[in-house]
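[1] Pasting the sequence and the predicted model now:
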Amino acid sequence: MDRIIILEDLDGFEFEEVCKKIFESLGWRDVRMGPRTSDAGRDIIMVSPEGETVIVECKHHLWRTVGRPVVQKLHSAVIYFGAKKGFLITTGYFSQEAVEYASRLGGVVELIDLRRFKDLADKAGFVVYEKRKDMSRRVLLTYTPEEAVKAIEDEIASMVSRPHAPLQLVRRSGTKLVYRPAYLASYSVYRETYTSTGRLIDVIDAEGSVILDGRTGDPLDYPADTFRDCRLVQSPSQVGKGVIVPPLINTVEAKEKAVDYVITKHTHLVIYRRKNSFKRIYIKSVSPKWSDVKILSIIPLYLPKLELEYSALLHNYKVVCDLAHKYSRLYRVNELSTCTICRKKLRPSKRVLCNECGGIAHFGILIKHAFICESCGKTVCRYCAVRRRKWLIFMKTYCHGCAQHLPQK
Ligand SMILES: [Zn+2]
Ligand SMILES: [Zn+2]
Ligand SMILES: [Zn+2]
């Protein structure tokens, strides 16, 4: 967890330690804390990969503004230590005067504000959250459990069923809400590819988002881009009591998995010809490098799933609803829409509920796996129907009860 930075939890000294770690991860050498000065601030003195001495001043002033005097002070320190330049890092912003003053110094003092600090931390493999609340896992929700149950029960109610109403026979026997951990990562990627002679042959320039499993880090088949306008994002207790599945990977690991995903997604082949030999075709596999991918945000989430069980006479049905899915793809599993005779999918308007066994079956013009008793009007599936020939030509279908009372030929 030491690669996760929660800014609001850090005091000034801890922030300096964090900055030290970031530069060490980026390959800076000899990173050490300078002497403590009167205003309780210490500088970091370090040597760049190119061998230049740089002084870093860290101002953990979250969301606040840093003014010109701080730039001036760092400039004096740079001169005092005989350093090449100074970095002024803040978790806030710089005032207009500070920016103007620094530009007059001609690059001796480089200003790093909150946004640039996050970039720097990202490059070093850290994940930065401004508030602790940002890393608590919230629930991605499109449908509430009540809405999902209503949608299913409306579907059940629309089945053709006689003499009993569908909901008199199909009853809910089990309800379970499960929260699965996930991460929503948004990214941007940019890479230019050149031939050995310096000709540009490919540009990868994209952004997007992906939802990763919180236990394996594998990408999940959610259209992540559509979640921007997701209706409710809140804590599990506000959605309903359920089983919370703990995550197995942390934010930093999830971020690495997201980068892997982006690299794989944008790896492709480029076909090109060389300038002086147009006859030959070259094929090159192009893929972004780790440093070409920028993870803009990584949000820990729960994806709620509602697992329902229904029973109807001799049959049991399982329905799994994905409460975080958009575009009415509510069901992951819906046995209520599968014909119990042929196991094929049923359209809502073509479902018949057998009042003998509780089976749901096809009732179309071409496919008929259910019938209506000619005598009493009861709906029956093919297994429960009795077919009798009338005048040697017509076939008539009856329920078991009525078939027993028919005159035997
Ligand atoms: Zn069927
Ligand atoms: Zn039946
Ligand atoms: Zn009948």
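    Happy to help now that I have it. Ligands and ions are numbered 1, 2, ... in the order given.
[2] All the helices of the stretch 151-300 of the chain, residue numbers only.
    Applying DSSP state H, counting those that start in this stretch to the stretch 151-300 of the chain gives helices spanning 166-169, 236-239, 251-265.
[3] For those, give me a markdown table that also has mean pLDDT, mean neighbour count and distance to ligand 2.
    Every C-beta, even on glycine, is put in place using the N, C-alpha and C of the backbone. Output for the helices of the stretch 151-300 of the chain, formatted as a markdown table (pLDDT from 0 to 100; neighbours: other C-beta atoms under 10 Å; distance: least, C-beta to the ion, whole Å):
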| stretch | mean pLDDT | mean neighbour count | distance to ligand 2 |
| --- | --- | --- | --- |
| helix 166-169 | 95 | 17 | 11 |
| helix 236-239 | 88 | 14 | 37 |
| helix 251-265 | 95 | 19 | 47 |
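[4] Distance of residue 180 relative to residue 251?
    17 Å (C-beta to C-beta, to the nearest Å).
[5] next one: residue 204
    For residue 204 relative to residue 251 (C-beta to C-beta), the value is 25 Å.
[6] What residue spans form the domains of this structure?
    By the assignment in automatic domain parsing, the chain contains the domains 4-131, 136-159+172-335, 338-409.
[7] now the helices of the stretch 151-300 of the chain in a markdown table, with distance to ligand 1?
    Below are the helices of the stretch 151-300 of the chain laid out as a markdown table (distance: least, C-beta to the ion, whole Å):
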| stretch | distance to ligand 1 |
| --- | --- |
| helix 166-169 | 18 |
| helix 236-239 | 36 |
| helix 251-265 | 40 |
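[8] Flag the helix or strand of the chain with the lowest per-element mean pLDDT.
    Here the helix or strand of the chain ranked lowest by mean pLDDT, DSSP states H and E is strand 232-234, holding a mean of 71.
[9] ok, residue 215 - how many residues close by?
    14 (other C-beta atoms under 10 Å).
[10] same question, residue 309
    Residues near residue 309, counting by other C-beta under 10 Å: 15.
[11] again, but for residue 205
    If we define neighbours as other C-beta under 10 Å, then residue 205 has 10 of them.
[12] didn't it look like it was pressed against residue 190?
    Yes - with contact defined as C-beta atoms under 8 Å, residue 205 and residue 190 form a contacting pair (5.2 Å).
[13] for the record, mean pLDDT for stretch 13-24?
    For stretch 13-24, mean pLDDT is 93.
[14] Identify each buried residue in that stretch, please.
    15-16, 18-23 (16 or more other C-beta atoms under 10 Å).
[15] Repeat that for stretch 317-324.
    With the criterion 16+ other C-beta under 10 Å, stretch 317-324 contains buried residues 317, 319-324.
[16] which residues touch residue 105?
    71, 75 (C-beta atoms under 8 Å, 6 or more residues apart in numbering).
[17] Okay, and the closest residue to residue 179 other than its chain neighbours sits in which element?
    Computed as C-beta to C-beta, 6 or more residues apart in numbering, the closest residue to residue 179 that is not its neighbour in sequence is residue 302, at 4.0 Å. Secondary structure assignment for residue 302, by DSSP states H and E: strand 293-312.
[18] Give me the packing partners of that strand, helices and strands only.
    When contacts are defined as 3 or more C-beta pairs under 8 Å, 6 or more residues apart in numbering; DSSP states H and E, strand 293-312 packs onto helix 114-123, strand 138-141, helix 145-157, strand 171-194, strand 200-213, helix 236-239, helix 251-265, strand 315-322.
[19] can I get those in TSV with distance to residue 6?
    Output for the helices and strands packed on strand 293-312, formatted as TSV (distance: least, C-beta to C-beta, whole Å):
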stretch	distance to residue 6
helix 114-123	12
strand 138-141	16
helix 145-157	32
strand 171-194	16
strand 200-213	21
helix 236-239	21
helix 251-265	10
strand 315-322	31
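[20] right, so of the ones you listed, which gets closest to residue 52?
    helix 114-123 (17.2 Å; C-beta to C-beta).
[21] between that closest one and strand 293-312, how big is the angle?
    In terms of direction (axes from the mean of the first three to the mean of the last three C-alpha atoms, to 10 degrees), helix 114-123 departs from strand 293-312 by 80 degrees.
[22] Run through the neighbouring helices and strands of the next helix or strand after helix 114-123.
    Per DSSP H and E, the first helix or strand lying C-terminal to helix 114-123 is strand 127-129. Where contact means 3+ C-beta pairs under 8 Å, 6+ apart, strand 127-129 is packed against strand 4-6, helix 114-123, helix 251-265.
[23] for those, which one sits closest to residue 147?
    Per C-beta to C-beta, nearest to residue 147 of the helices and strands packed on strand 127-129: helix 251-265, 29.3 Å.
[24] then the closest one to CSV, C-alphas only?
    What follows is helix 251-265, C-alpha atoms only, in CSV (Å, rounded to 0.1, in the frame of the first residue of the first chain):
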residue,chain,number,x,y,z
THR,A,251,-5.1,0.4,-6.7
VAL,A,252,-1.5,0.3,-7.7
GLU,A,253,-1.7,-3.3,-9.0
ALA,A,254,-5.0,-2.4,-10.8
LYS,A,255,-3.2,0.6,-12.4
GLU,A,256,-0.5,-1.7,-13.8
LYS,A,257,-3.2,-4.1,-15.1
ALA,A,258,-4.9,-1.1,-16.8
VAL,A,259,-1.6,-0.2,-18.5
ASP,A,260,-1.2,-3.8,-19.7
TYR,A,261,-4.7,-3.7,-21.1
VAL,A,262,-4.1,-0.4,-23.0
ILE,A,263,-0.9,-1.7,-24.5
THR,A,264,-2.5,-5.0,-25.7
LYS,A,265,-5.5,-3.1,-27.0
